[in-house]
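J.: Everything below, folded, please.
(2 chains)
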Amino acid sequence: MALQSLDIARRSATTTPSPKQRKTPEVVKLIDVSKCIGCKACQVACMEWNDTRDAIGTNHGVLDNPMDLTENSWTVMRYAEVETDRGLEWLIRKDGCMHCSDPGCLKACPAPGAIVQYSNGIVDFHEENCIGCGYCITGCPFNIPRLSKKDNKVYKCTLCSDRVAVGLEPACVKTCPTGAIVFGTMEDMYHHAEGRIADLKNRGFVNAGIYDAPGVGGTHVMYVLQHADTPGIYQGLPKDPGISPMVSLWKGIAKPFASLALGAGALLAFFHYVTQGPNKVSDEIEKEFKNEK
Amino acid sequence: MKNDPKKIIRYTPSERANHWLTAITGVLLTLSGLCFFHPFFYPLSQLFGGGVWTRILHPFIGVVMTVSFGVMFLKYSAQNIMTPADWEWMRHVREMAGGDDRNMPEAGKFNGGQKLLFWLMTACMVLLVLSGIVIWRAYFSFLFPAGLLRLASVVHAASAAIMIALIMFHIYAAIWTRESIGAMLYGWVRRAWAKQHHPAWFRDMTGGSK
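T.: Numbers count the residues shown, from 1 in each chain, chains lettered A, B, ... in the order given. Predicted structure coming up:
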């Protein structure tokens, strides 16, 4: 499933280096929330390109549809009506995988090669290696991966790794009618974001800023937010996302250390046996019972 | 054989079956669980038909072990209450490992080490079952918040590592102490063995003859 044109920088449950001879430029999808009109064209384009079809849901009285990410809806628009110092604001955020530089999903995954990170920064699930344990869901700081009830594999946004591999932009970027979603090298996108933030600040959004989650080493999907100081108002975007210390503890140095300790324990037992000999019934007692008969 | 006066019954057939069912499921759980513990052990998943089968089977084997261990707990908990003599036995355990048992207080049916091991294993089992339910993705994980899942994942891995260490110790103690594996396989021990390793129990069983 991996493409040679996309070198793999990291591979789940793999302790030896992944192929990283070549270096591809890191890519970023920049989502400018201030330009989004909530048309959901990106959701449709995502479904079309990736051939996913979600079940027809029910109307919950809000524009969010579907209400949450699913194994078939890898991106959803989240609508928030928020009262700020500027009055009522309608904040619409396109939710989906952030493609973290330090992906919690990849860290948590126990199946070799089920989750990979290409050297261009895209984090991809290779479902043929997925065992359906759901550890990636536990590891993700953004609550993105969804386990399919149909095949027990997890699915999420691929950042159109297949399109990017052949020099195309992701489907959602291609279709966005307002240019709220742009795609390019990380350097270019930071540059573009700076311009957008300066523009927003000129318009009175003093707290406009970029959201790139330094807690996960940066992300390859970034937001320009009008109110970057309070990401929570964008339907619960986490303020300082990072891999939970629990996940780091669970997947950190403790396990290889514990494995070594268990191995050492087995060796210790063996050497105890060959140096001390077995714990047998003493000759004294044996004699006592022999004489009894 | 059953009425051979030289032999003392130590474990009944049902106790033995119960023990070995627990042991077999424990070994299967160790092998399948290690696959998810560290990538180094992932090849063990081939023993269970691959990663997906290992993921499916592990918790069900866990259910069998939980029931089997639970029966064993009910059977043995009263016999494993730690007495002052047992703590005294534990204080001399290093001499015992060095081959010198002169200062060991008389052990009953189970010695202090066996009793302590029983309680430690029970504690690990409780933690493993509780955390295991939380991280059983197919049926239960959706009921719990992400924070609890993360905590349960750590608890499950940590208590499993301790449990494996305890079981390894248990197996070695059985190998080291000659004839004790036979006791669990066939149910009986020689009178000499009983007097050597469990003198207080020996007196109980023989009406205080020696």
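
J.: and A:Pro214, how far is that from A:His192?
T.: Using CB to CB, to the nearest Å, one obtains 19 Å as the distance from A:Pro214 to A:His192. In short, each C-beta sits where N, CA and C put it, glycine included.

J.: How about B:Cys35?
T.: In terms of CB to CB, B:Cys35 sits 45 Å off from A:His192.

J.: For the two, indicate the residue with more neighbours.
T.: B:Cys35 (27 against 17; other CB atoms under 10 Å in any protein chain shown).

J.: which element is the more buried one on?
T.: Assigned by DSSP states H and E, B:Cys35 belongs to helix B:13-37.

J.: which other residues reach that helix?
T.: Applying CB atoms under 8 Å, 6 or more residues apart in numbering or on different chains, the external contacts of helix B:13-37 come out as A:110, A:133, A:135, A:255, A:259, B:11, B:41-42, B:44-45, B:47-48, B:51, B:54-55, B:57-58, B:61-62, B:64-65, B:68-69, B:71-72, B:75, B:157, B:160-161, B:164, B:167, B:184-185, B:187.

J.: Type out the ChimeraX command that picks the buried ones from these.
T.: Only the buried entries of those go into this ChimeraX selection, using 16 or more other CB atoms under 10 Å in any protein chain shown:
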select /A:110,133,135,255,259 /B:11,41,42,44,45,48,51,54,55,57,58,61,62,65,68,69,72,157,160,161,164,167,184,187
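
J.: where do the strands sit along chain B?
T.: With strands called from DSSP state E, chain B shows them at B:7-9, B:188-190.

J.: for the stretch 1-150 of chain A, same thing?
T.: For the stretch 1-150 of chain A, applying DSSP state E, counting those that start in this stretch gives strands covering A:8-11, A:27-32, A:76-84, A:87-95, A:115-118, A:123-125, A:146-147.

J.: Hmm, B:His197 and B:Thr177 touching each other?
T.: Yes - counting by CB atoms under 8 Å, B:Thr177 touches B:His197, with 6.5 Å between them.

J.: more neighbours, these two?
T.: The residue with more neighbours, out of B:Thr177 and B:His197, is B:His197; 23 against 18, by other CB under 10 Å.

J.: dump the residue contacts of the more buried one.
T.: A:Asn279, A:Val281, B:Ala107, B:Asn111, B:Thr177, B:Ser180.

J.: got a pLDDT number for it?
T.: On pLDDT, B:His197 comes in at 94.

J.: From A:Gly139, how far out is it?
T.: B:His197 is 48 Å from A:Gly139, by CB to CB.

J.: So which bits of the longest helix along chain B are buried?
T.: Criterion DSSP state H: the longest helix present in chain B is helix B:146-176. Neighbour counts over helix B:146-176 (16+ other CB under 10 Å) mark B:146, B:148-168, B:170, B:172-173, B:176 as buried.

J.: Dump the strands of the stretch 1-150 of chain A to a markdown table, plus distance to A:Arg196, mean pLDDT and mean neighbour count.
T.: As requested, the strands of the stretch 1-150 of chain A are exported to a markdown table (distance: least, CB to CB, whole Å; pLDDT from 0 to 100; neighbours: other CB atoms under 10 Å in any protein chain shown):
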| stretch | distance to A:Arg196 | mean pLDDT | mean neighbour count |
| --- | --- | --- | --- |
| strand A:8-11 | 28 | 90 | 20 |
| strand A:27-32 | 6 | 97 | 25 |
| strand A:76-84 | 19 | 95 | 16 |
| strand A:87-95 | 15 | 95 | 17 |
| strand A:115-118 | 26 | 94 | 26 |
| strand A:123-125 | 25 | 96 | 26 |
| strand A:146-147 | 30 | 96 | 20 |
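
J.: Identify whichever of those lies nearest to B:Trp136.
T.: strand A:146-147 (12.5 Å; CB to CB).

J.: List the strands paired with that closest one, with their directions.
T.: strand A:154-155 (antiparallel) (DSSP bridges).

J.: so for the partner strand, what's the average pLDDT?
T.: When pLDDT is averaged along strand A:154-155, the result is 97.

J.: Would you check the distance separating it from the middle of the chain?
T.: In this view, strand A:154-155 has its centroid 11 Å away from the chain centroid, taken as CA atoms, centre = their mean, to the nearest Å.

J.: same question, stretch B:106-125
T.: So, by CA atoms, centre = their mean, the centroid of stretch B:106-125 is 9 Å from its chain's centroid.

J.: and it, which residues are buried?
T.: With burial defined by 16+ other CB under 10 Å, the residues of stretch B:106-125 counted as buried are B:107-118, B:121-122, B:124-125.

J.: what about that stretch and chain A, touching?
T.: No - using CB under 8 Å from any CB of the partner chain, stretch B:106-125 stays clear of chain A, coming no nearer than 11.5 Å.

J.: what's next to that stretch, contact-wise?
T.: Residues contacting stretch B:106-125 (CB under 8 Å, 6+ apart): B:10, B:66, B:69, B:73, B:76-77, B:79-83, B:85-90, B:93, B:104, B:159-160, B:162-163, B:166-167, B:169-170, B:173, B:197-201, B:204.

J.: Now, those that are in helices?
T.: B:66, B:69, B:73, B:76, B:85-90, B:93, B:159-160, B:162-163, B:166-167, B:169-170, B:173, B:197, B:199-201, B:204.
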